[in-house]
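*Asks:* turn this into a structure:
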Amino acid sequence: MIETVLSEKRRNVYLNFAAKSFQKQLAYKFEYFVGVLNGLLFIFVFTSLWKGIYEHSTSSAIAEGVSFSKEQMQTYAVYAILFRISMTMDDNSITQKVRTGAISMDLIKPVNFFFMSLSENLGQTMFHWFTRVIPVLMVTLVMFEAPLPTGISNYALAMVAWVFGYLIMVTLNFAVGLLAFWFIETFSFQLMKYGLITLFSGGILPIDFFPEWLKPTVAMLPFQYILYVPTSIFIGHIDGGAALSMIALQGVWVALLGLICFTMWRAGQKKLIVQGG
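*Replies:* So this is what the prediction gives:
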């Protein structure tokens, strides 16, 4: 009975962290409109780009082995951007806390630091879902050729894939943020992480378009499971057994990256020195 009450209190604490994080975002009202316009601009640019590439291609196939039609590619571009927006989070929070010593206050809180960080990220994510993703989606359905899928399995599997992709993003940000325990400046690591995610997550270019010699390397990295897999499952480009296999691999990466974060967190606490007076 006591354990049940304590568990419920812990859940409420994490919900409060998420709610406060959501409320903080409400202070930046101008960013609502900028975020929506920014999302629509990216969608317009990428759909126009792919439309132009397909229409001016001299052959029916854009790349060897690529099964995307022009309509599918435009749809992919739209939802890849929306999924990327939905995963927006503060990836410098941990670094700043370590650098300023504010993390010492988090260490004395009776909560798990990772889950506290995850809750804060979820609060930001929910904010972006309501203020950016949904408004942009509504406008997109009217202005662009990107129909929603009709199969229930697309939504169910894509939801699971999105959750796993989101957790991969969170754990990558957490791990890179923890490097602040060992390095004074982590900007180069953040830049490298951003570049790898931009290039290999499928947010800009689907993995199908990568050269054959590069695909095995990409398959060994976690990045394609962030955006490419959820988006491809959602639009039906990956379905059936292949979709389940991809989701299983996502789960493996979540577990592996979670273990890396746990190990780094335990080691980082021993490195922490906070000076003040």
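
*Asks:* thought residue 155 was touching residue 236, still the case?
*Replies:* No. The pair formed by residue 236 and residue 155 falls short of the contact definition of CB atoms under 8 Å, at 11.0 Å. C-beta: built from backbone N, CA, C; applies to glycine.

*Asks:* neighbour count for the two, which is higher?
*Replies:* For residue 236 versus residue 155, neighbours defined as other CB atoms under 10 Å are more numerous around residue 236 (18 against 13).

*Asks:* re the thing from before, what's the overlap in contacts for residue 236 and residue 155?
*Replies:* Residues touching both residue 236 and residue 155 (CB atoms under 8 Å, 6 or more residues apart in numbering) are residue 149.

*Asks:* buried residues in the host helix or strand of residue 49, which are they?
*Replies:* If you go by DSSP states H and E, residue 49 is part of helix 30-55. Buried residues in helix 30-55, counting neighbours by 16 or more other CB atoms under 10 Å, are found at 32, 35-36, 39-40, 42-43, 46-47, 50-51, 54.

*Asks:* least confident of these?
*Replies:* Least confident entry in the buried residues of helix 30-55, by pLDDT: residue 32, with 74.

*Asks:* find the nearest non-adjacent residue to that residue, please.
*Replies:* Spatially, and ignoring its direct neighbours in sequence, residue 32 is nearest to residue 131 (5.0 Å; CB to CB, 6 or more residues apart in numbering).

*Asks:* so the one you found touches residue 35, yeah?
*Replies:* Yes. Counting by CB under 8 Å, residue 35 is a contact partner of residue 131 at 6.5 Å.

*Asks:* and the closest residue to residue 119 other than its chain neighbours, how many neighbours does it have?
*Replies:* Of all residues not flanking residue 119 in the chain, residue 17 sits nearest, at 3.9 Å (CB to CB, 6+ apart). As a burial measure, residue 17 scores 21 neighbours (other CB under 10 Å).

*Asks:* who touches residue 17 in this structure?
*Replies:* Applying CB under 8 Å, 6+ apart, the residues near residue 17 are 116, 119-120, 123.

*Asks:* from the residues you listed, which land in strands?
*Replies:* Among these, DSSP state E puts none in strands.

*Asks:* re the thing from before, what's the angle from the very next helix or strand once past the helix holding residue 49 to helix 30-55?
*Replies:* Where DSSP H and E defines the elements, the next helix or strand beyond helix 30-55 is helix 70-86. Interaxial angle of helix 70-86 relative to helix 30-55 (axes from the mean of the first three to the mean of the last three CA atoms, to 10 degrees): 160 degrees.

*Asks:* packing partners for helix 70-86?
*Replies:* Applying 3 or more CB pairs under 8 Å, 6 or more residues apart in numbering; DSSP states H and E, one finds that helix 70-86 contacts helix 30-55, helix 113-128, helix 134-143, helix 152-178, helix 228-235.

*Asks:* by mean pLDDT, show me the worst of these.
*Replies:* Note on those: helix 30-55 shows the lowest mean pLDDT, a mean of 83.

*Asks:* can you count the residues close to the closest residue in space to residue 82 that isn't next to it in sequence?
*Replies:* Leaving aside its sequence neighbours, residue 82 sits nearest to residue 133 (CB to CB, 6+ apart; 5.5 Å). Other residues lying near residue 133 total 22 when counted by other CB under 10 Å.

*Asks:* quickly note the distance from residue 133 to residue 43.
*Replies:* 12 Å (CB to CB, to the nearest Å).

*Asks:* how about residue 145?
*Replies:* 11 Å.

*Asks:* ok, now residue 260?
*Replies:* Distance, residue 260 to residue 43, using CB to CB: 34 Å.

*Asks:* can you check residue 218 too?
*Replies:* 25 Å.

*Asks:* kindly report the same for residue 165.
*Replies:* 19 Å.

*Asks:* try residue 137
*Replies:* The value you get for residue 137 to residue 43, if CB to CB is used, is 10 Å.

*Asks:* coming back round to it: what angle separates the helix holding residue 49 from helix 113-128?
*Replies:* Using the same axes, to 10 degrees: helix 30-55 against helix 113-128 is 80 degrees.
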